[in-house]
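Q: Give me a model of this one.
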Amino acid sequence: MAHAIRFHQTGGTDVLVWEEIEVGQPGPGEVRLRHRAVGVNYLDIYVRSGLNPAPLPSGLGTEAVGLVEDIGPGVTEVKVGDRVAYSGGPLGAYSEERIMPADRLIVLPDGISDGQAAAMMLKGMTAQYLIRQTYQVKPGDTILFHAAAGGVGLIACQWAKSLGATVIGTVGSDEKAELAKAHGCDYPIVYTRENFVERLRQITGNEMVPVVYDSVGKDTFMASLDCLRPRGLMVLFGQSSGPVAPVDLNMLAQKGSLYVTRPTLKTYTDKRSDLLAMAQELFNAVLSGAVKIEVNQVYPLKDAAEAHRDLQARKTTGSTILAV
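A: Numbers count the residues shown, from 1 in each chain. Below you'll find the predicted structure:
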């Protein structure tokens, strides 16, 4: 029997249990995977805590790397023996084996390891849509990226820097500032002791920035609006500090005809053609050396609760994976 991390009620890390599961056979359009590495993301905490509701009992996780062991009728996207990765689809990545829709799987190139792939699919694809689609970062742009030493932040800073941008980032400590700087962040701001709006104003000579990327949410949203130049774009793609309170849209006019968007990776990858194109651009960025994927924490799959505790306590940097 295979094992998986599951939860029967929402709450803290104590709700996560290590259970035997019946995997079964793949149906039409499905494959059976044996996982090799699983990605850990803040999104998983939202699901476990109930912030993002899921039918209970439930598996957890949306990102992993594995080998295709069996395919169901009509599957043409992959074949038995393929090493594949995914981000998205049904919950249940925190498992030794599982059934997955074939059209959500991406065959991995040889130059990318299991650990890299498990660490980068959600974070790297998120960085791709943020800086290549939601706002297309161009040479000469100056951008603000919150949580610059986090998993998405380290990828996005490197990628934006390779595109010719100047990157300003917020971090929580001097150690994280050094890490962000080593990964393309030109101006790391330690928000625990500096007012990031005033520091950004100094850096930009009061020009401010055309775009702010914010996965923190409640604690940074309002001040982030003050970092934007007129007609700037506020990209809220997460809420690690809690959900943003309702906003009076008239305030956007008062602050300079600002734009606000709340994008999700699911929307950007709903079409398989888009999924494959985004993945290919990500793979190219990694294989070229422009973006380095560093796995800074590895936990056994059965110790997923410990990984969650460390992530919530901001003890982690870069990417975290579970070894299967």
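Q: Not counting its neighbours along the chain, what's nearest Lys292?
A: Gln158 (6.6 Å; C-beta to C-beta, 6 or more residues apart in numbering). Every C-beta, even on glycine, is put in place using the N, C-alpha and C of the backbone.
Q: Next up, the contacts around that neighbour.
A: Contacts for Gln158 (C-beta atoms under 8 Å, 6 or more residues apart in numbering) come out as 183-184, 290-292.
Q: again, but for Asp219
A: Applying C-beta under 8 Å, 6+ apart, the residues near Asp219 are 241-242.
Q: Need the pLDDT of it.
A: Asp219 is assigned a pLDDT of 89 by the prediction.
Q: mind checking which helix or strand it is in?
A: Assigned by DSSP states H and E, Asp219 belongs to no helix or strand.
Q: Tell me where the longest strand sits in this protein.
A: strand 30-40 (DSSP state E).
Q: in the stretch 101-250 of the chain, which spans are strands?
A: 106-107, 142-145, 166-171, 187-190, 209-214, 228-236 (DSSP state E, counting those that start in this stretch).
Q: quick one: buried residues of the last one?
A: Buried residues in strand 228-236, counted by 16 or more other C-beta atoms under 10 Å: 228, 232-236.
Q: what's around Arg262, how many residues?
A: 12 (other C-beta atoms under 10 Å).
Q: pretty sure it contacts Gln239?
A: No: between Arg262 and Gln239 there is no contact under C-beta atoms under 8 Å: 9.5 Å.
Q: Would you mind giving me the ChimeraX syntax to select the buried ones in the contacts of Gln158?
A: Selection command for ChimeraX covering only the buried members of the contacts of Gln158, criterion 16+ other C-beta under 10 Å:
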select :183,184,291
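Q: Closest one of the contacts of Gln158 to Asp141?
A: Gly184 (13.2 Å; C-beta to C-beta).
Q: Quick one: distance of stretch 131-145 to the chain centre.
A: Centroid separation for stretch 131-145 versus its chain: 17 Å, with C-alpha atoms, centre = their mean, to the nearest Å.
Q: wait, stretch 16-34
A: Chain-centre distance of stretch 16-34: 24 Å, with C-alpha atoms, centre = their mean.
Q: just to revisit the earlier point, the contacts of Gln158 into JSON lines, with extra columns for distance to Glu194?
A: Formatted as JSON lines, the contacts of Gln158 follow (distance: C-beta to C-beta, whole Å):
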{"residue": "His183", "distance to Glu194": "20"}
{"residue": "Gly184", "distance to Glu194": "20"}
{"residue": "Ala290", "distance to Glu194": "29"}
{"residue": "Val291", "distance to Glu194": "27"}
{"residue": "Lys292", "distance to Glu194": "27"}
